[in-house]
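Engineer: sharing a sequence plus its predicted fold:
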Amino acid sequence: MTQPFQLAACAEMLWQDKPIAWRAARLTEMGFGVGLWNWPDHDIAKLEAVGANYTIMNGYLQGRLADDEGAEILLASAKETVQVGKRLGVDRLNLHGTGLGEGGIPIWQHELETGDMWLKARDSLMRICDLAEAEGVVFTLENLNLLDHPGCPFGSTADVLALVSAIDLPQLRINLDLYHTQIGEGDLIRWCEKCLPWIGEVQVADNPGRFEPGSGEINYTAVARALAEMGYRGPIGMEAFAKTDSEAALEAFRKAFTL
């Protein structure tokens, strides 16, 4: 049995009765990297002291890709967040088409992206790449499903791939969230193939319920085998709740991605 991938898990979604630094330390003890969401929710000094491998964190707090005002807010927010990410040694800073509010609902909703919005989103992401190059960091753009995140601009897997591949710079990669792809498009393995040259991280959870691999309809063992066969050796992040027990969920995740 081999472990070809770098496994990590979202700390906020596990052991929800424990302090976040405890969760980061326990993930590290179990051999996992640590994913985070919004940094103002946490004591950064305590997380820094853990010495974990922080694999991904939200790269902004507010803003939007596709309009002038939103882009300025996004860039300012990203500049601030980069400094926190560098303190923690975060590998990737994550973006969406717009900020998400309570329950993941997009703050700025559009059912149809116009040509001007596409051009503005591309311009905003180019500016993000300039920031990333100057600071020595990497951003990712994540796909979201539009059932849970209605009206999110540039949320689909196809839209994220179109933007990132058009820019085609190492400072911007895809955060390919297969839970969202399953709900939005399906056909996971072929989406992995299409996105492969630009993937910065693959995120996983099963459906329905957004629990650990093996709890639902997705054959993650087959997905893992396909990713390995196509040459992917990067990070796999479990962004999932535990259906019953957090440690059991992590072991199920490890098992699914051990070949």
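Structural biologist: Looks like it came in fine.

Engineer: make it CA atoms for all contacts and neighbour counts henceforth
Structural biologist: Noted.

Engineer: surely M57 meets G85?
Structural biologist: Yes - contact criterion CA atoms under 8 Å: M57 and G85 qualify, at 7.4 Å.

Engineer: what is in contact with the two at once?
Structural biologist: Residues touching both M57 and G85 by CA atoms under 8 Å, 6 or more residues apart in numbering: L93.

Engineer: more neighbours: which of the two?
Structural biologist: It is M57, of M57 and G85, that has more neighbours when counted by other CA atoms under 10 Å, with 26 against 22.

Engineer: which one is the more buried one nearest to, not counting chain neighbours?
Structural biologist: The shortest distance from M57 to any non-neighbouring residue, by CA to CA, 6 or more residues apart in numbering, is to L36 (4.7 Å).

Engineer: what do you get for A226?
Structural biologist: Nearest to A226 is I189, by CA to CA, 6+ apart, at 6.8 Å.

Engineer: residues near that neighbour, how many?
Structural biologist: 17.

Engineer: repeat for P40
Structural biologist: With other CA under 10 Å as criterion, P40 counts 10.

Engineer: could I get the contacting residues of N143?
Structural biologist: 96, 154-157, 159-160, 175-177, 180-181.

Engineer: hang on, the earlier thing: for the residue nearest to M57, what are its contacts?
Structural biologist: So L36 contacts 10-12, 54, 56-58 (CA under 8 Å, 6+ apart).

Engineer: direction included, what does the helix or strand where I56 lies pair against?
Structural biologist: Using DSSP states H and E, I56 sits in strand 54-58. Counting by DSSP bridges, the strands paired with strand 54-58 are strand 33-35 (parallel), strand 92-95 (parallel).

Engineer: and those: which comes nearest G136?
Structural biologist: strand 92-95 (10.7 Å; CA to CA).

Engineer: quick check: buried residues in that closest one?
Structural biologist: By neighbour count with 16 or more other CA atoms under 10 Å, strand 92-95 contains the buried residues 92-95.

Engineer: ok, the residue nearest to A226 touching V223?
Structural biologist: Yes - if you go by CA under 8 Å, I189 and V223 touch, sitting 6.2 Å apart.

Engineer: which other helices and strands does the helix or strand hosting I236 contact?
Structural biologist: Taking DSSP H and E as the criterion, I236 maps to strand 235-238. Packing partners of strand 235-238 (3 or more CA pairs under 8 Å, 6 or more residues apart in numbering; DSSP states H and E): strand 6-10, strand 199-204.

Engineer: show the average pLDDT along it.
Structural biologist: Averaged over strand 235-238, pLDDT sits at 98.

Engineer: so for L65, which of the helices and strands packed on strand 235-238 sits nearest?
Structural biologist: Nearest to L65, of the helices and strands packed on strand 235-238 and by CA to CA, is strand 199-204 at 19.4 Å.

Engineer: need the next SSE after the closest one, C-terminal direction.
Structural biologist: Note on strand 199-204: by DSSP H and E, the next helix or strand toward the C-terminus is helix 220-229.

Engineer: perfect, that will be all.
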